[in-house]
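Trainee: Below is the structure, and that's it, no one-letter string:
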């Protein structure tokens, strides 16, 4: 146990921990002792961050070398893969800070370009710095003219996220002159290019999806205004950006700019650890974000509200969720990190009401959402499970109110999060001495070593499991050449999980 009486939930084979008062070793003030089953003891340095001082970080980098042991942590829910000074999230307290500033305050007092400068440079810009920063971004808005032809290869109605994954990675084919990650100037140029060209790519992906000609970016507009212009303007009809729409998009982008080491950000970092070029790393992040458990959650909320239909149907829907009726889930509630109200969701709710009031827009889904939130927050089933609305619950409604189609919701998430991704990549590659290629280990439970039989003597070519859970070659008839799907093999059973991380019936976005 630690001095406060708490115990460590992280390590397998962990019998006891004890804080030891020793002199500094590698910067650590305290140590824990890991006692292994054979009686061996291993001293582990304990670190704490500048915030969240009540959290102990156990430095296990020498664990394998000194004890021949690994830790087992599927989903990395108890593992810190890096040190970072960009975003701080405290789930129990409902905190989210960008470089120390609460995200809601940044939404209220800053625009997206100021937040971009903050994340990239560590501080908010003054007037002169902001203008220089915007000028630099605007100078990189355009993509190579031949890059337009790239979008012609996609068939009509191709999903915008499929286009975004391909297009972002392909930037390295057009801008390959500054891809040396070890050079600070190259890193800076890549970062500025990515932030500037993401709205251009997103709008081009949408235009390709609906079969309309591409609209060029324009300087002199805000970041959000420029994107809306490229998305909705046509050669035959001018488009005047509604400032209310632009403000909503600007705040949406700020709220989604970064969120610590989530699934897609970790994907960017692990890709970057191989020294892959930044455009390839961001493309990997977009692919990860595309998953419905991550960036697709706000789209799922809209579909859920459509299925509920009206306020009168909410009591039945709540009962179906609690009774775990097949296919019924409460989307937009709960979070892997937050065990309190998501601070981004609180601001998004306020923003949603402001946008609807200013636009004089009436959406029945908003009434359903408000009633559903009220019902869930007053139900003991959800209260006991700490299920509060997350940022996705209201963001989809806001996007629909300002004219963003459903298939673009995850693209909008990627547009905002690309700022955080490239900032995280910069932090990773700038610390050259600490950068190591990502190489997680595994707990192997597959077949033991065996001899290869000739094809004539082989039995049916699929795996099954005996009572001892050791995979064996199928004991059926001789193979007749029938192809067996790999899904016919039962997956090895994982060790029991004694710690419930996710409440049933909720969405858990990163």
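Mentor: That came through, no problem. This structure is a prediction, so every number in the text was calculated from the model and none was measured.

Trainee: ok, for residue 51, nearest residue in space, not its chain neighbours?
Mentor: residue 88 (5.1 Å; C-beta to C-beta, 6 or more residues apart in numbering). C-beta: built from backbone N, CA, C; applies to glycine.

Trainee: Tell me the strands beside whichever strand or helix holds the one you found, with direction?
Mentor: Assigned by DSSP states H and E, residue 88 belongs to strand 87-90. Partner strands for strand 87-90, per DSSP bridges, with pairing direction: strand 95-98 (antiparallel).

Trainee: for the residue nearest to residue 51, which residues make a bridge with it?
Mentor: Beta-bridge partners for residue 88, by DSSP bridges, are residue 97.

Trainee: Surely it is in contact with residue 102?
Mentor: No - assessed by C-beta atoms under 8 Å, residue 88 is found out of contact with residue 102, at 10.0 Å.

Trainee: what touches both of the two?
Mentor: Listed as contacting both residue 88 and residue 102 by C-beta atoms under 8 Å, 6 or more residues apart in numbering are 95-96.

Trainee: Neighbour count: those two, which is higher?
Mentor: residue 88 (17 against 14; other C-beta atoms under 10 Å).

Trainee: Tell me the predicted confidence for the more buried one.
Mentor: The per-residue pLDDT reported for residue 88 equals 94.

Trainee: same thing with residue 13?
Mentor: 31.

Trainee: picking that back up, what's in contact with the strand holding residue 88?
Mentor: 49, 51-52, 95-100, 258-260, 337-338, 420.

Trainee: Quick check on the residues you listed: which are buried?
Mentor: 52, 95-99, 258-260, 337-338, 420 (16 or more other C-beta atoms under 10 Å).

Trainee: Kindly reformat these as a markdown table and extend each row with distance to residue 169 and pLDDT.
Mentor: As requested, those are exported to a markdown table (distance: C-beta to C-beta, whole Å; pLDDT from 0 to 100):
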| residue | distance to residue 169 | pLDDT |
| --- | --- | --- |
| 52 | 35 | 83 |
| 95 | 34 | 87 |
| 96 | 29 | 92 |
| 97 | 31 | 95 |
| 98 | 27 | 96 |
| 99 | 29 | 97 |
| 258 | 21 | 96 |
| 259 | 23 | 91 |
| 260 | 24 | 92 |
| 337 | 29 | 69 |
| 338 | 32 | 59 |
| 420 | 18 | 97 |
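
Trainee: Out of these, flag the one nearest to residue 138.
Mentor: residue 420 (21.2 Å; C-beta to C-beta).

Trainee: gap between the closest one and residue 51?
Mentor: As judged by C-beta to C-beta, to the nearest Å, residue 420 and residue 51 stand 18 Å apart.

Trainee: Let's verify residue 32: helix, strand, or coil?
Mentor: Put simply, residue 32 is strand when judged by DSSP: H, G, I helix; E, B strand; the rest coil.

Trainee: Now the strand holding residue 88: buried residues?
Mentor: By neighbour count on 16+ other C-beta under 10 Å, the buried set for strand 87-90 is 87-90.

Trainee: again, but for stretch 361-373
Mentor: For stretch 361-373, the neighbour count (16+ other C-beta under 10 Å) marks 365-366, 368-373 as buried.

Trainee: burial measure for residue 93, as a count.
Mentor: So residue 93, with other C-beta under 10 Å, has 13 neighbours.

Trainee: go on, residue 283?
Mentor: 24.

Trainee: How about residue 238?
Mentor: Neighbours of residue 238 under the rule other C-beta under 10 Å: 8.

Trainee: what's the spacing between it and residue 458?
Mentor: For residue 238, the distance to residue 458 equals 70 Å [C-beta to C-beta].

Trainee: Over to residue 343?
Mentor: Distance from residue 343 to residue 458, by C-beta to C-beta: 59 Å.

Trainee: what's the single longest helix in this structure?
Mentor: The single longest helix within the chain, with elements called by DSSP state H, is helix 184-210.

Trainee: And that one, how far out from the chain middle?
Mentor: How far helix 184-210 lies from its chain's middle: 19 Å, per C-alpha atoms, centre = their mean, to the nearest Å.

Trainee: If we go by neighbour counts, what in that helix is buried?
Mentor: Buried residues in helix 184-210, counted by 16+ other C-beta under 10 Å: 186-187, 189-209.
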